[in-house]
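**Student:** need a 3D model of the following:
(one chain, ligands or ions: 1)
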Amino acid sequence: MAGQAPFATVRAPITGARARLFTWLVHASVVVIALRAYRSPRSAWRALQHIRRLNGTLRGGEHGQKYYRCGPRVFWTPIVPQWPSRAFVRFVETILDRLQSFRPADVRLGSVIWAVSSRCPLDCEHCLEGDNLGEREHLTFEELEGVLAKFRDLGVVQVFFSGGEPLLRCHDVCRLMAGAGPGIEFTMMTSGVGLTLEKARQLRRAGLRSVQISLDHWDEGKHDRFRGREGAFAWARDAARNAGQAGLLVGFSLCAVRDFVNRENMWRYLELVRSWGGVYVRILEPRAVGRYAGRPVQLDPQQSELLWAVHDQVNTDPACAHLPRLSCPDYDRRALGCFGAGNRMVYADSRAEIHACPFCQGSVGNALTGDLASMVEGMRKRGCAASRTAPGVPQVLVH
Ligand code: SF4
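**Tutor:** Numbers count the residues shown, from 1 in each chain. Below you'll find the predicted structure:
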């Protein structure tokens, strides 16, 4: 660590009275957007009440809200664009349109997890990408540009670059963001391998807002073994430092495997990522797909409960205000329905094949050559097979 810059960018959360003020300002901006959209105070008020009701069903909902500053914007959850921003306005308009249509088209997609690279330097034990990984990229830059244009036409406001390792295509990713126009927020989901300060600054200049770094254990050796490469932990740590110094918001994702899930591990992990400048952790429960296919990897119900209890405590207990915000998509899925399957999000693999989500793979067509709107509409009608929720549940996550 000698000679290394410190984690100077550890962000203190905004809590208490200032957080309540931000909540009020965000709500006020939602009302303004709704008034502009509906041209009816009554409809705008009803929409706001609906949004508040649905948020109340989420664990940690509006209580104990934490905000983080990111330049002129604030952040509170990775699934809502930072506020204020053009992406946030488009995000809210999409929700309003689903509550009471005011736009001509009825297909509105919020976000996409997009594997822009098929190359990867790691060999993770839970990898879902097996068949797609290789030595060369499947799509040219021009083809990626064409796919991004289709996502934009469907209303996408959040793009999560994934892979493979998207950093291996840093130059193309920068060109994509620079040419995307306003109203789309970009996040990179990365192992962190190769995220130098220079690359982080380059990405920031091109329009990247945040990185979500995979970190699966607080113990260096265990993380390296999980990721199949010695040095992966050190890269994740350096990536967090470099991203923070470049002005990017830093979050982490944790694949919470059976051996890991206990209170002590969770607490040590959270303290570590806080010290690395992380403002949120997305906790993913393992599923028996990809390299885990056929293996008993699913958490016991008690372990899921433990994760959610930690989630509630960290997000609502004032004594945990210094810890990063937690997000458990599996809990949200059970409470609000699946976000994937075209309901709010789709997954595009490195060949531009469209899937319900990274876990529920099964192509419904190719975004480059096919009609993306029909694919998404078809998926929405069928709904999510894994969670068996009614299709088309409106996903509303504006605090
Ligand atoms: S970093 Fe992602 S794509 Fe690469 S081996 Fe790990 S899970 Fe697979």
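**Student:** list the contacts of stretch 75-83.
**Tutor:** With C-beta atoms under 8 Å, 6 or more residues apart in numbering as the test, stretch 75-83 has contacts from 26, 29, 65-70, 73-74, 87-88, 90-91, 111, 157-158, 185, 187, 209-210, 212, 249, 251, 279-280, 282, 325, 327, 339, 397-399. (C-beta placed from N, C-alpha, C; glycine too.)
**Student:** quick one: the helices in the chain?
**Tutor:** Shown for the chain, the helices assigned by DSSP state H span residues 16-38, 41-56, 86-99, 141-153, 170-178, 197-206, 220-227, 232-245, 263-275, 301-316, 329-336, 372-382.
**Student:** now those in TSV, with distance to the ligand?
**Tutor:** Listed next are those as TSV, based on distance: least, C-beta to the nearest ligand atom, whole Å:
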stretch	distance to the ligand
helix 16-38	33
helix 41-56	31
helix 86-99	25
helix 141-153	17
helix 170-178	15
helix 197-206	17
helix 220-227	6
helix 232-245	9
helix 263-275	18
helix 301-316	20
helix 329-336	16
helix 372-382	23
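**Student:** of the contacts of stretch 75-83, buried ones?
**Tutor:** Buried members of the contacts of stretch 75-83, counted by 16 or more other C-beta atoms under 10 Å: 26, 29, 65-68, 70, 73-74, 87-88, 90-91, 111, 157-158, 185, 187, 209-210, 212, 249, 251, 279-280, 282, 325, 327, 339, 397-399.
**Student:** strands - which of those land there?
**Tutor:** Filtering the buried ones among the contacts of stretch 75-83 for membership in strands, criterion DSSP state E, returns 68, 70, 73-74, 111, 158, 185, 187, 209-210, 212, 249, 251, 280, 282, 325, 327.
**Student:** mind listing what's buried in stretch 206-220?
**Tutor:** Residues 206-219 are the ones in stretch 206-220 that count as buried (16+ other C-beta under 10 Å).
**Student:** state the distance from the most centrally placed residue in the chain to the ligand.
**Tutor:** The centre of the chain sits closest to Pro78, judged by C-alpha atoms, centre = their mean, with a distance of 4.9 Å. For Pro78, the distance to the ligand (C-beta to the nearest ligand atom, to the nearest Å) stands at 18 Å.
**Student:** one more: Ser350?
**Tutor:** 9 Å.
**Student:** burial measure for that residue, as a count.
**Tutor:** 25 (other C-beta atoms under 10 Å).
**Student:** for it, give me the pLDDT.
**Tutor:** On pLDDT, Ser350 comes in at 95.
**Student:** how about Val314?
**Tutor:** Val314 carries a pLDDT score of 92 in this model.
**Student:** now it, nearest residue through space, not along the chain?
**Tutor:** Nearest non-adjacent residue to Val314, counting by C-beta to C-beta, 6 or more residues apart in numbering: Cys320, 4.6 Å away.
**Student:** hang on, the one you found packs against His311?
**Tutor:** No: contact status for Cys320 versus His311: not in contact, 10.5 Å apart, counting by C-beta atoms under 8 Å.
**Student:** now the lowest-mean-pLDDT helix or strand in the chain - C-alpha only, CSV.
**Tutor:** Within the chain, no helix or strand scores below helix 329-336, which has a mean of 74 by mean pLDDT, DSSP states H and E. Only the C-alpha atoms of helix 329-336 are listed here, as CSV (Å, rounded to 0.1, in the frame of the first residue of the first chain):
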residue,chain,number,x,y,z
PRO,A,329,-33.2,-7.6,-5.4
ASP,A,330,-34.5,-11.0,-4.3
TYR,A,331,-36.5,-9.3,-1.5
ASP,A,332,-37.8,-6.6,-3.8
ARG,A,333,-38.8,-9.2,-6.4
ARG,A,334,-40.9,-11.0,-3.8
ALA,A,335,-42.5,-7.8,-2.5
LEU,A,336,-43.1,-6.0,-5.8
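**Student:** counting contacts, what elements does it pack onto?
**Tutor:** Under the contact criterion of 3 or more C-beta pairs under 8 Å, 6 or more residues apart in numbering; DSSP states H and E, helix 329-336 touches strand 280-284, helix 301-316.
**Student:** so which of the ones you listed is nearest Gly228?
**Tutor:** Proximity to Gly228 (C-beta to C-beta) singles out strand 280-284 among those, at 17.7 Å.
**Student:** got a list of contacts for the closest one?
**Tutor:** By C-beta under 8 Å, 6+ apart, strand 280-284 touches 77-78, 212, 251-256, 269-270, 273, 307, 311, 324-330.
**Student:** and the pLDDT at Leu397?
**Tutor:** Leu397 carries a pLDDT score of 39 in this model.
**Student:** sorry, that was for Val30
**Tutor:** Per-residue pLDDT puts Val30 at 89.
**Student:** residues contacting it?
**Tutor:** Neighbouring residues of Val30 by C-beta under 8 Å, 6+ apart: Ala47, Leu48, Ile51, Val92, Val398.
**Student:** count of residues packed around the residue nearest to the fourth one when sequence neighbours are not counted?
**Tutor:** I take that to be Val92. In space, Val92 comes closest to Ile33 once its chain neighbours are excluded; the distance is 4.7 Å by C-beta to C-beta, 6+ apart. Look at Ile33: counted by other C-beta under 10 Å, it has 21 neighbours.
**Student:** from what I see, Ile33 and Phe91 are in contact.
**Tutor:** No: if you go by C-beta under 8 Å, Ile33 and Phe91 don't touch, sitting 9.5 Å apart.
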